[in-house]
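J.: please work out how this folds:
(one chain, ligands or ions: 1)
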Amino acid sequence: MTQTATEFPSKLQTRRAFIQTMLGLVAAGWAGWATQGVLFPAPRAQTGQVKFALAELPIGAVKAITYEGKPALVLRDKEGVVAFSLVCTHQGCIVQWREGKQEFYCPCHDGYFDRNGDVVAGPPPMPLEQIQAKIIGDEIVIGEA
Ligand code: FES
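T.: This is a model prediction of the structure:
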């Protein structure tokens, strides 16, 4: 039994279909790339503030919060409030607050930060990130507006 041209596509038809398919895929990919960020912009990170009642943080106390999706600690003393990211500046581990020693400790590589977030010992190359913190009326406001 012999094959006829109508039973199977010719090499030319197969090649043409392949090229058309590839061009279609390239065009679809380009269109998706070109419209990304224009028609469908990527969601931006929320930079929302964190607010809570001043009464929740007495003088001398600390409060753990989540700020921009990361753990942070708010400290209050007689002079006001300060807040620090708890993400270690060495390799990103989460530091712990040691109340008794008034310091931050990173268990990953024995990094130490003082109450002001400054490096005291260990490999961290820079202080903890300080986050804006204010007392406004009867609230504590963390982060920029
Ligand atoms: S990640 Fe904190 S000291 Fe290395």
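
J.: mind checking how far the residue nearest to Gly117 when sequence neighbours are not counted is from the ligand?
T.: Spatial nearest neighbour of Gly117, excluding adjacent residues (CB to CB, 6 or more residues apart in numbering): Leu128 at 3.7 Å. Placement of C-beta: from N, CA and C, glycine included. Per CB to the nearest ligand atom, to the nearest Å, Leu128 is found 10 Å from the ligand.

J.: mind listing what's buried in the longest strand along the chain?
T.: With secondary structure taken from DSSP state E, the chain has its longest strand at strand 70-77. By 16 or more other CB atoms under 10 Å, the buried positions in strand 70-77 come out as Ala72, Leu73, Val74, Leu75, Arg76.

J.: pLDDT on it, on average?
T.: Average pLDDT, strand 70-77: 97.

J.: that strand packs against which elements?
T.: strand 62-67, strand 80-85, strand 139-142 (3 or more CB pairs under 8 Å, 6 or more residues apart in numbering; DSSP states H and E).

J.: for the residue nearest to Gly117, phi and psi?
T.: Note on Leu128: its backbone torsions stand at phi -60, psi 150 [degrees, to the nearest 10].

J.: report the two of the buried residues of strand 70-77 separated the most.
T.: Ala72 and Arg76 (13.6 Å; CB to CB).

J.: quick revisit: distance to Tyr105 for the helices and strands packed on strand 70-77 - can I get that in TSV?
T.: As requested, the helices and strands packed on strand 70-77 are exported to TSV (distance: least, CB to CB, whole Å):
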stretch	distance to Tyr105
strand 62-67	14
strand 80-85	13
strand 139-142	22
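
J.: of all the ones you listed, which one comes closest to the ligand?
T.: Among these, strand 80-85 comes nearest to the ligand, with 12.2 Å by CB to the nearest ligand atom.

J.: now the helices and strands packed on strand 70-77 in CSV, with mean neighbour count?
T.: Output for these, formatted as CSV (neighbours: other CB atoms under 10 Å):
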stretch, mean neighbour count
strand 62-67, 16
strand 80-85, 20
strand 139-142, 19
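
J.: related to what we said a few turns ago, ok, so of the buried residues of strand 70-77, who is nearest Val141?
T.: For the buried residues of strand 70-77, the minimum distance to Val141 (CB to CB) is 10.3 Å, reached by Val74.

J.: right, I'll call it a day here.
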